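Engineer: next comes the sequence, and after it the predicted model I'd like to discuss.
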Amino acid sequence: MLALLLVACFSPNLQEPNQPLPLRLEDLVRLVQANGPTIQQAQLSALATRGGMEEAAGMFDPVFFSDLSYSYLEQPLSGFFSGFSGLDEQESTTLNASQGIRGLLASGGTYTLSLHEDDTSANYLNENQANASLRFQFTQPLLRGGWNMVGTQALRTAELSHQSALASVQRATRESVQTAIDSYWDLAFALEDAEVKEFGLKMAEELRQVTQARFEVGAVAEVEVVQTEADIASRTDALLTAKHRVLQTQDSLRLAISGMATNQDWNQSYLPASPLPTPASSSISWQSAFEVALELRPQLEELRLTVKQATLDWEVAKQNQGPKLDFTSAGNSYGQATGWQRAVHPIWDFDSPGYTFGLVLEIPLGNRQFEGAEMKARHTLALAERRLRDGENQVASEVRDAVRSVNYLAERVAATRLASKVAGRQLEAEERRLQEGISTNFQVLEFQNDLLTARTAELGAHMAYAKAVTQLNSSQGLAWDGSPPQ
């Protein structure tokens, strides 16, 4: 391709170290999806929210607890107790142990089931004394803080956060692919435009050679030679600018498709190898495209999840405005013997049971804390709903613009192609007039500039059309090639 020759002819201080690598759009998209930095960040964020789901679900995992302690006490006795017991000091050792399970229920209730044992040996006892008890405690909020909506709020928040993170991955993928494709066509335009500038410089140099020869035989004035030299200087500057733009667009493309793990990644150049799409007006209406976008655009899904989160927070805040009323209960079975092993057995028969039931009521005076929380949650929900509505309007605007752009650019490609052909014919006619001596270098150079401008405009319109086709698909939430998103 001529673009390869163009890159090879770059001046040494601008030349890329490696030969350009031909790159198709399909390969570009795969590279972006695998290496795109924004996509990788979004994926890592989604993994973090997955961990948050596990963390929130872990609140309901039961916890086993156990403790063991040994205590020794030596204390002098005096007075009545000393005379009565015949002891001068009290000495005792106690072994205490407890183990059990406690946990949190989705209803907001808490429970504890535990077994307690103690074994005491003392000089004032004829034999060891051991106690054992099986205890159960349960508390259930009936109003504030109670039932599944409140009890599972943290878990549902974590789930919504994870769903939002997955939508963010889809949005990052869509935006990264679109950015990479834009850079791809920008690079294609920069390479082709540099070719046009190279062609224009070559035409000016050829005209200078002809004019110089004619000047030497006295057929033209020196000003004709000066005009061509001035135009050569201007076109040389334009070519250098075009080559510099190639290097800039190469960097943009590298950042979009490479992980840039090492500095060597900066040395790889790319050459667009996919053909430009054939310009054609879109038959889709913006209303149909908008309906697709409402269903598929990930950014709208993120906003909907924000509304769901705000709705959950508001419902919880409304429920928490009520007083605190908790049902509490406790039960135990008690056993006693001369050793803790023997003391444990009676508790399973419930020979010495006990239980307690009750209610705990708390009414905040003024209740401003919870009323303020409800007001905050209510307005946060209204804000989330407004952002969703504004987001839908923004998407509608993007879809309308995308449909219009495809149709406009399809027509503009045809118009600029015609203008380029006309400019070429005008230049040919003026060159014939110059050969016949009825025109000047100035007029020929002007027609050359018109041709170069027309060709650049045609290239720009065609590249813009290629980007607009992808943008139309992207604005609907479809894949870059119009297929359903994966």
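Structural biologist: Arrived safely, thanks for sending.

Engineer: following element in sequence after the lengthiest helix in the chain, please.
Structural biologist: Secondary structure of the chain per DSSP state H: the longest helix is helix 368-435. Sequence-wise, the next helix or strand downstream of helix 368-435 (DSSP states H and E) is helix 441-475.

Engineer: hmm, back to that, counting contacts, what elements does the longest helix of the chain pack onto?
Structural biologist: Under the contact definition 3 or more C-beta pairs under 8 Å, 6 or more residues apart in numbering; DSSP states H and E, helix 368-435 sits against helix 286-296, helix 298-319, helix 441-475. Heads up, the C-betas are built off the backbone N, CA and C, glycines and all.

Engineer: can I take it that Asn126 is in a helix?
Structural biologist: No: counting by DSSP: H, G, I helix; E, B strand; the rest coil, Asn126 is not found in a helix; it is coil.

Engineer: can you put the helices and strands packed on helix 368-435 in TSV and add mean neighbour count, mean pLDDT and distance to Ala233?
Structural biologist: Output for the helices and strands packed on helix 368-435, formatted as TSV (neighbours: other C-beta atoms under 10 Å; pLDDT from 0 to 100; distance: least, C-beta to C-beta, whole Å):
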stretch	mean neighbour count	mean pLDDT	distance to Ala233
helix 286-296	17	95	48
helix 298-319	19	95	49
helix 441-475	21	94	12
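
Engineer: on the three-state scheme, Ala479 is what?
Structural biologist: Strictly by three-state DSSP, Ala479 counts as coil.

Engineer: what sits closest to it if chain neighbours are left out?
Structural biologist: Pro485 (5.5 Å; C-beta to C-beta, 6 or more residues apart in numbering).

Engineer: right, and the helix or strand after the helix or strand containing Ser168?
Structural biologist: Element membership for Ser168 (DSSP H and E) is helix 153-216. Per DSSP H and E, the first helix or strand lying C-terminal to helix 153-216 is helix 222-257.

Engineer: how many neighbours does Asp186 have?
Structural biologist: Residue neighbour count, defined by other C-beta atoms under 10 Å, stands at 20 for Asp186.

Engineer: tell me how far it lies from Gln486.
Structural biologist: Asp186 sits at a distance of 26 Å from Gln486 (criterion: C-beta to C-beta, to the nearest Å).

Engineer: ok, His116 next?
Structural biologist: With the distance defined as C-beta to C-beta, His116 ends up 58 Å from Gln486.

Engineer: pLDDT below threshold where in this protein?
Structural biologist: Scanning the chain for pLDDT under 70 picks out the ranges 1-18, 77-88, 259-262, 340.

Engineer: quick one: closest of the helices and strands packed on helix 368-435 to Glu89.
Structural biologist: Judged by C-beta to C-beta, the one of these that comes nearest to Glu89 is helix 298-319, at 59.9 Å.

Engineer: so what's the gap between that closest one and the chain middle?
Structural biologist: 19 Å (C-alpha atoms, centre = their mean, to the nearest Å).
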